[in-house]
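**Q** Need a 3D model of the sequence below.
(one chain, ligands or ions: 2)
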Amino acid sequence: MQMKSGILLLLFTVIASLSVDAQKKVNNVIFMIGDGMGINQVYASLTANGSLTMTAFPYTGFVRTCSANRYITDSAAAGTALSSGRKTDNGVIGMSPESVKYVSIMEEAKENGLGTGIVVTCTVTHATPAAYYAHQPDREMHEEIALDFTVSGIDVCIGGGKQYFMKRKDGKDLISDMESKQYQVVFNQQELDCIHSGKVMALLANEDLPKVSEGRGDMLPEGTAKAIGILAEDYKEKGFFLMVEGSQIDWGGHANDQQYIISEVVDFDKAVKKALDFAEKDGNTLVIVTADHETGGAAIIDGDINRKEVKLAYTTKGHSASLAPVFAYGPGAEEFSGYFDNTEFKAKIEKLAGF
Ligand code: MG
Ligand code: ZN
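**A** Numbers count the residues shown, from 1 in each chain. Ligands and ions are numbered 1, 2, ... in the order given. Here you go, the predicted model:
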């Protein structure tokens, strides 16, 4: 009797350990934020484009976005919730309303030896990327945020905002500071194309990048592929955490400009495709696509799927409290289905990636 139960116990232990082994490990995380990308921005773009990569992801969810002091968040408080798992007031970057610093997932990834990267189409000091490495009481403090970047240790950063590193009120030259910290600092796409490993800061515009419809080209998808290539090369063993933002979907929403919104969502989705292509080959990469909030209070009031026609109407020039959509692919993707709060991403990701 005793021996039988012993064998049974052994059998259970073997089966349990086998099923744990069978579970794929999360080595890399690519976290993609469509700023202002509500469900209607997604479906309008899907209709106009005929297809999207993000909507083919196997798991979907809805995220509550409210900030510490507002039902309707801004990108600073939402970025802080996504990066640090903590609520703060609108306008605040990476700290509490009382200016107590929050630790971001990127900082913890770095501390644990993972590679880290940021790719955006705005200035790299803008609220969403800043929430991953800076700690400042006001999102408008671009020069202080740039200074925070220089001590962040982030491996790859691609975006705009050269002026906050070079033509500063305090006269500091942050470019030479970063070069002394082994960064390869480049100012155009051709120079970036030549880099395949090592620390990189690519400041591709003085301020924000142009709209995709006004000459930005494939900067976001190509920048995403470049960042993935470098981080995968340099952090094969330890893995990496990369944040990619479709920054200007939000600006199309503020402008109530349907063409601006859709062209930016489609461009962002091309970056999602780059991430998915890598994740499919790699097998140990989790890709999460979400939004920080919705912008424009957009409604779809007419359309035709076969003719790829769609018509948006708006209820505000600002943000709304709509739930943000989530699309997830890869090991652990099922953790990001259902309804949850934007502060829950960090712990979920860290548990899966083991840091
Ligand atoms: Mg943003
Ligand atoms: Zn906005």
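**Q** From residue 144, how far out is whatever residue of the stretch 201-350 of the chain ends up closest to ligand 1?
**A** As assessed by C-beta to the ion, ligand 1 sits closest to residue 247 within the stretch 201-350 of the chain, at 4.7 Å. Bear in mind the C-beta positions are built from the backbone N, C-alpha and C, glycine included. According to C-beta to C-beta, to the nearest Å, residue 247 stands 20 Å off from residue 144.
**Q** do the same with residue 61
**A** When residue 61 is compared with residue 144 (using C-beta to C-beta), they lie 34 Å apart.
**Q** if we can go back for a sec, compare residue 247 and residue 144 (neighbour count), which wins?
**A** residue 247 (28 against 18; other C-beta atoms under 10 Å).
**Q** which residues touch the more buried one?
**A** Going by C-beta atoms under 8 Å, 6 or more residues apart in numbering, residue 247 touches 35, 120-122, 126, 128, 208.
**Q** Those in helices, which ones?
**A** Assigned to helices by DSSP state H, the following of those qualify: residue 128.
**Q** between the contacts of residue 247, which is nearest residue 234?
**A** residue 120 (20.4 Å; C-beta to C-beta).
**Q** How about the backbone phi and psi for the closest residue to residue 187 other than its chain neighbours?
**A** With C-beta to C-beta, 6 or more residues apart in numbering as the criterion, residue 187 has its nearest non-adjacent residue at 5.8 Å, and that residue is residue 203. Torsion angles at residue 203 (phi, psi; degrees, to the nearest 10) stand at phi -100, psi 100.
**Q** same deal with residue 204?
**A** phi -90, psi 0.
**Q** Pull the distance from stretch 309-322 to the chain's centre.
**A** 22 Å (C-alpha atoms, centre = their mean, to the nearest Å).
**Q** begin at 502 from here
**A** All set: I'll call the first residue 502, so the last point we hit is now stretch 810-823.
**Q** Quick one: end-to-end length of that stretch, please.
**A** The straight-line separation of the ends of stretch 810-823 (C-alpha to C-alpha, to the nearest Å) is 24 Å.
**Q** What's the separation between the spatially closest residue to residue 834 that is not a sequence neighbour and residue 742?
**A** Once flanking residues are discounted, residue 834 sits nearest to residue 560: 4.5 Å by C-beta to C-beta, 6+ apart. Noted for residue 560: a distance of 19 Å to residue 742, by C-beta to C-beta.
**Q** Show me the strands in the stretch 752-856 of the chain, by range?
**A** 786-792, 795-796, 800-805, 810-814, 820-821, 825-830, 839-842 (DSSP state E, counting those that start in this stretch).
**Q** Quickly run through the sheet partners of the fourth one, with directions.
**A** Read that as strand 810-814. Using DSSP bridges, strand 810-814 pairs in its sheet with strand 800-805 (antiparallel).
**Q** The last one now?
**A** Here the strand partners of strand 839-842, with direction, are listed using DSSP bridges: strand 560-565 (parallel).
**Q** What are the buried residues along the strand it pairs with?
**A** 560-564 (16 or more other C-beta atoms under 10 Å).
**Q** Over to stretch 616-629?
**A** 616-629.
**Q** Any part of it near ligand 1?
**A** Yes: applying C-beta under 5 Å from the ion, one finds that stretch 616-629 is in contact with ligand 1 at residue 629.
**Q** Could you list the low-confidence segments of the stretch 502-651 of the chain?
**A** 502-525 (pLDDT under 70).
**Q** quick one on the thing from earlier: ok, of the buried residues of stretch 616-629, which one's closest to residue 608?
**A** For the buried residues of stretch 616-629, the nearest to residue 608 is residue 617 (8.5 Å; C-beta to C-beta).
**Q** Tell me the bridge partners for residue 533.
**A** Beta bridges link residue 533 to residue 745, residue 790, judged by DSSP bridges.
**Q** From residue 742, how far off is it?
**A** Taken as C-beta to C-beta, the span from residue 533 to residue 742 is 12 Å.
**Q** which of those two has more neighbours?
**A** Legend: neighbour count by other C-beta under 10 Å for residue 533 and residue 742, higher for residue 742 (30 against 24).
**Q** Pretty sure the more buried one sits against residue 612.
**A** No: applying C-beta atoms under 8 Å as the test, residue 742 and residue 612 come out as separate, 11.2 Å apart.
**Q** residues from the chain in reach of ligand 1?
**A** 536, 576, 629, 748.
**Q** contacting residues around the nearest residue to the third one once chain neighbours are set aside?
**A** Leaving out its chain neighbours, the residue that sits closest to residue 629 by C-beta to C-beta, 6+ apart is residue 580, at 4.5 Å. Applying C-beta under 8 Å, 6+ apart to residue 580 gives the contacts 534, 594, 628-633, 793.
**Q** name the helices or strands packed onto the longest strand along the chain?
**A** Assignment by DSSP state E gives strand 616-624 as the longest strand of the chain. Here strand 616-624 touches helix 606-612, helix 628-631, strand 657-661, helix 720-735, strand 741-747, going by 3 or more C-beta pairs under 8 Å, 6 or more residues apart in numbering; DSSP states H and E.
**Q** got the buried residues for the third one?
**A** Going by neighbour count (16+ other C-beta under 10 Å), the buried part of strand 657-661 is 657-661.
**Q** what does the fourth one give?
**A** Neighbour-count burial for helix 720-735, counted by 16+ other C-beta under 10 Å, picks out 720-733, 735.
**Q** quick one on the thing from earlier: in a helix, the residue nearest to residue 629, correct?
**A** Yes: if the criterion is DSSP: H, G, I helix; E, B strand; the rest coil, then residue 580 is within a helix.
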